[in-house]
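In: Predicted model and sequence below, questions to follow.
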Amino acid sequence: MEPWRAPQEAVEALLAARHGDPFAILGPHSTWPGPPPAGGGIVIRALVPEVEDLAVLPWDGGDAIPLPRRQGAFFEGLLPGRAQPFGYRLRARREGRVWAFDDPYRFGETLGPLDDHLVVEGTHRRLHRRLGAHVAAHEGAEGTRFAVWAPNAARVSVVGAFNAWDGRCHPMRKRVDSGLWELFIPGIAAGAPYKYEILAKDGEVLPLKADPLGRAAELRPSTASLVPRDEDFAWEDADFVKARAVTQSRRAAISIYEVHAPSWRRHPDGRFYSWDDLIGTLIPHAAWMGFTHIELMPVMEHPLDESWGYQPIGLHAPTARMGDPAGLKRFIAACHVQGIGVLLDWVPAHFPKDVHGLSRFDGQTLYEDPDPLRGFHKAWGTAVFDYGRKEVAAFLASNALYWLEEFHADGLRVDAVSTMVHLDHGRAPGDWAPNAEGGTENHEAVAFLRQVNALVEEEHPGAAMMAEEATSWPGVSRPASEGGLGFRFKWNMGWMNDTLRYLAIDPIHRRWHHDLITFGMMYAFTEDFVLPLSHDEVVHGKGSLLGRLPGDDWQRFATLRAYYAMMWAHPGKKLLFMGGEIAQWREWSDAREIDWWLLQHAPHQGVQKLVRDLNLLYRSMPALHARDAEAEGFRWIEADDEARSIFSWLRFDGEGGAPVAMICNMTPVPHAGIRFGLPRAGAWREVLNTDAAVYGGSGVGNMGGVVAERVAFQGFPASATVTVPPLGTIWLVAEGPEPEQEAPDDKKGESNAE
């Protein structure tokens with residue numbers, strides 16, 4: 001056999017799709033495995049299944065040169081007198097059809113040593129730009145470059161409709177130093193479905209895998225990645241983004257509308273609204289309601305509708321349910337035009353074990369922790385990321401930057417932080433193992449969260465990272481330099497659980513549970529909090545907020561209105577799940593849209609108007625938001641009036657502006673002539689009364705305001721007698737100059753409490 005011919009064992013490995021280095025054989029070669037042919041020449045080898053013959057078409061316009069078939073789909077031939085570099089295409093014929101195409105194995109590398117170094121080091125911040133699929137021009141040809149990390153694989157091939165999903169056709173080049181595999185395939189355009197066929201080290205051909213860095217995906221139940229359309233998007237929100245350092249700070253008014261996009265609205269035939277549909281419906285609704293932000297439950301591709309996106313497969317791919325990825329960019333851009341920020345739910349805690357996903361991606365534990373007591377969450381049936389592996393931590397951190405950078409998201413709400421930082425959270429005895437010191441802290445997850453929060457702060461200052469953390473882990477919203485996790489805000493799950501428990505109690509018994517409302521102020525300033533009434537509170541048999549309340553319909557609506565007004569006056573940013581603004585009766589279901597038809601009825605209209613007014617007042621009155629995270633912004637008027645189930649406090653802006661008094665009565669009994677201490681005498685305007693007729697209430701109130709006298713009471717220099725409506729909340733705002741001082745009556749320190 002001629003010395004330039006490939007060894008038979010290499011040919012057999014190629015034909016069996018088991019060769020790990022196709023570039024060592026396929027494509028043009030001036031020598032291998034023996035010396036160059038006498039007189040010079042180039043050897044060209046190709047693997048093209050199911051063709052009758054194959055020829056080489058030189059770029060110089062010469063005649064087609066037949067490429068002999070050596071065995072099966074493997075073609076090999078010597079082109080005497082030719083030298084590198086040599087430009088050519090291949091021509092195939094089958095059943096009378098003839099076509100020409102570029103040989104993928106004549107192209108050089110698309111990645112470089114820097115990529116290898118940064119991947120291994122775990123410091124590659126832009127993996128989405130180097131890995132995955134990218135339409136590109138490479139060495140004079142148009143096509144798509146593919147790259148994937150699979151260090152334990154014996155062979156990786158790109159498969160798709162373009163090669164009949166045949167793993168023999170496009171095996172990739174392995175970059176030994178990093179475990180990256182890459183291949184440029186000419187002629188493949190945007191929109192092409194593809195996956196990776198992976199041969200494990202033990203010889204097993206794994207189920208086809210979607211691309212971990214795939215930036216577009218097929219609509220479920222199909223599971224392939226799609227070559228994305230990398231078109232430049234004309235962002236025009238530089239001023240909005242620049243202002244985030246102020247508009248998303250701890251002293252800003254932040255009122256979040258949480259949305260599950262596939263079920264906010266549906267077409268009459270049940271189809272999902274597209275992002276473009278939502279531009280014309282959801283954005284005007286949120287803007288009119290006065291919300292500062294829309295928070296989208298996970299938009300990353302996920303196989304199961306019922307997971308709501310919290311078990312994502314494609315962390316880089318916006319779900320195809322709502323249209324193409326560019327549609328999400330258009331939606332976020334339109335939000336910014338209306339002055340609305342967009343927060344995305346992000347799930348770095350776990351991933352589903354669907355065979356086309358990350359689970360045992362290259363035949364071994366790769367993305368998941370290899371220890372089954374740490375790498376598997378039994379209660380959820382999901383795999384847990386290996387935060388201690390640098391490449392995995394970099395994959396997740398780069399993904400966070402991807403959504404902030406490529407989609408201009410204004411922040412990420414990180415799901416299930418408790419399960420990340422606690423080894424035992426949500427796990428039964430025997431389903432977890434302690435750390436090296438015998439504790440429950442997951443040191444690797446803590447380090448990862450600090451890393452990603454610091455990275456976001458460095459790369460996108462002003463972006464808001466929010467933690468759903470349900471335990472008393474200290475310093476969640478404190479800088480890592482102070483021992484914290486580095487988030488900007490933490491969800492106040494304790495406040496949410498306590499207050500909803502209180503609301504479910506019959507008013508006659510609430511006096512015995514007064515502390516469910518007051519206890520939250522014991523820790524209100526330990527973190528920078530968001531008060532969440534989220535989707536988790538209206539699913540799984542809990543019922544809607546309205547539906548869980550005691551009493552007749554009038555009492556239920558009144559209680560909900562009073563609670564909302566108390567919440568909007570409480571320290572902490574606000575979050576309300578969709579449907580809450582119209583007092584939905586039914587529990588939320590992802591299978592249908594919100595019950596918008598309820599707005600035909602006055603009580604639901606009243607709640608919607610109230611939420612709108614709450615947002616507008618909250619945003620316009622610094623006392624209600626400027627010192628949310630600072631004790632100086634809050635003072636009880638009376639914390640212990642459990643006999644009447646009345647709560648009263650003051651909010652201050654810290655700059656000498658008008659304070660706001662909140663008084664809430666959580667019983668159906670109105671109270672007239674109750675004295676409350678106030679920080680200054682003079683007129684106090686009743687800017688809000690949830691019992692007003694316009695909201696569906698009974699109209700009990702203070703005729704627009706009260707006048708505080710210089711009668712010291714409850715530790716304040718002034719006081720006023722106030723009518724407190726049944727199951728109602730009022731807000732009083734000091735207005736105008738304080739009257740000239742007179743000698744106060746000596747009632748300092750007295751209380752209304754019985």
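Out: Looks like it came in fine.
In: switch to C-alpha atoms for all contacts and neighbour counts from now on
Out: Fine.
In: Tell me where the model's unsure across the stretch 601-750 of the chain.
Out: Scanning the stretch 601-750 of the chain for pLDDT under 70 picks out 741-750.
In: ok, which stretches of it are helices?
Out: Using DSSP state H, counting those that start in this stretch, the helices of the stretch 601-750 of the chain run over 602-620.
In: same thing with the stretch 251-400 of the chain?
Out: Using DSSP H, counting those that start in this stretch, helices in the stretch 251-400 of the chain cover 261-264, 275-279, 282-289, 325-337, 372-375, 390-406.
In: can you redo these as CSV with mean neighbour count, distance to Thr518 and mean pLDDT?
Out: CSV is the format used below for these (neighbours: other CA atoms under 10 Å; distance: least, CA to CA, whole Å; pLDDT from 0 to 100):
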stretch, mean neighbour count, distance to Thr518, mean pLDDT
helix 261-264, 22, 34, 97
helix 275-279, 20, 39, 98
helix 282-289, 17, 29, 98
helix 325-337, 21, 37, 97
helix 372-375, 19, 38, 91
helix 390-406, 21, 37, 96
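In: wait, which of the ones you listed is closest to Asn152?
Out: Among the helices of the stretch 251-400 of the chain, the nearest to Asn152 by CA to CA is helix 390-406 (13.5 Å).
In: what residues does the closest one touch?
Out: 119-128, 315-316, 346, 348, 367, 385-387, 409-412, 448, 451-452, 455-456, 459-460, 463 (CA atoms under 8 Å, 6 or more residues apart in numbering).
In: Check stretch 514-524 too.
Out: Contacts for stretch 514-524 (CA under 8 Å, 6+ apart): 494-495, 498-499, 501-502, 571-572, 629, 639-640, 642, 645.
In: From those, pick the one nearest Cys169.
Out: Lowest distance from Cys169 to these (CA to CA) belongs to Gly494, with 56.5 Å.
In: so the closest one sits in a strand?
Out: No - counting by DSSP: H, G, I helix; E, B strand; the rest coil, Gly494 is not found in a strand; it is helix.
In: Next, find the distance separating the closest residue to Ala161 other than its chain neighbours from Arg220.
Out: In this structure, Ala161 finds its nearest non-sequential neighbour in Pro193, 6.9 Å apart by CA to CA, 6 or more residues apart in numbering. According to CA to CA, to the nearest Å, Pro193 and Arg220 sit 13 Å apart.
In: All the strands of the stretch 1-150 of the chain, in order from the start?
Out: Secondary structure of the stretch 1-150 of the chain by DSSP state E, counting those that start in this stretch: the strands cover 27-29, 41-47, 53-58, 65-66, 69-71, 74-80, 88-94, 97-101, 132-138, 141-149.
In: Could you check the angle the second one makes with strand 53-58?
Out: Think strand 41-47. 140 degrees (axes from the mean of the first three to the mean of the last three CA atoms, to 10 degrees).
In: If we go by neighbour counts, what in strand 41-47 is buried?
Out: 41-47 (16 or more other CA atoms under 10 Å).
In: neighbours around Leu455, how many?
Out: Neighbourhood size, Leu455 [other CA atoms under 10 Å]: 17.
In: Roughly how far does the nearest residue to it once chain neighbours are set aside sit from Phe713?
Out: Of all residues not flanking Leu455 in the chain, Ala397 sits nearest, at 7.7 Å (CA to CA, 6+ apart). Remark: distance between Ala397 and Phe713 (CA to CA) = 54 Å.
In: go on, Thr559?
Out: Counting by CA to CA, the gap from Thr559 to Phe713 is 28 Å.
In: With neighbour numbers in mind, choose between these two.
Out: Ranked by neighbour count (other CA under 10 Å), Thr559 and Phe713 place Thr559 first, with 28 against 25.
In: so that one, which of the three states?
Out: helix.
In: Contact partners for the residue nearest to Ala161?
Out: Pro193 sits next to 160-161, 217-218, 224-227 when contact means CA under 8 Å, 6+ apart.
In: Mark which of these are buried, thanks.
Out: Looks like the contacts of Pro193 have 160, 217-218, 224-227 buried, using 16+ other CA under 10 Å.
In: ok, so of these, who is nearest Ala416?
Out: Nearest to Ala416 among the buried ones among the contacts of Pro193: Ala217, at 24.9 Å, using CA to CA.
In: who does the closest one bridge with?
Out: Under DSSP bridges, the beta-bridge partners of Ala217 are Ser225.
In: so who does it touch?
Out: Neighbouring residues of Ala217 by CA under 8 Å, 6+ apart: 193, 223-226, 301, 314, 317-320.
In: Leaving aside the residues adjacent along the chain, what's closest to Arg374?
Out: Using CA to CA, 6+ apart, the nearest residue to Arg374 is Trp432, at 6.4 Å.
In: same question, Gly132
Out: Leu213 (4.6 Å).
In: number of nearby residues for that neighbour?
Out: Leu213 is flanked by 24 other residues according to other CA under 10 Å.
In: Just say helix, strand or coil for it.
Out: Look at Leu213: counting by three-state DSSP, its state is coil.
In: which residues touch it?
Out: Contacts of Leu213 by CA under 8 Å, 6+ apart are 127-128, 131-133, 148, 314-317.
In: what do you get for Tyr196?
Out: By CA under 8 Å, 6+ apart, the neighbours of Tyr196 are 156-159, 208-211.
In: mind checking pLDDT for Gly462?
Out: Among the per-residue scores, Gly462 shows a pLDDT of 95.
In: Could you verify my assumption that it touches Val246?
Out: Yes - with contact defined as CA atoms under 8 Å, Gly462 reaches Val246; the gap is 7.5 Å.
In: the more surrounded of the two?
Out: Each of Gly462 and Val246 has its neighbours counted (other CA under 10 Å); Gly462 has more, 21 against 12.
In: Distance check, the residue nearest to that one when sequence neighbours are not counted against Ile730.
Out: What sits nearest to Gly462 in space, not counting adjacent residues and going by CA to CA, 6+ apart, is Ala245, at 4.0 Å. Distance of Ala245 to Ile730, given as CA to CA: 32 Å.
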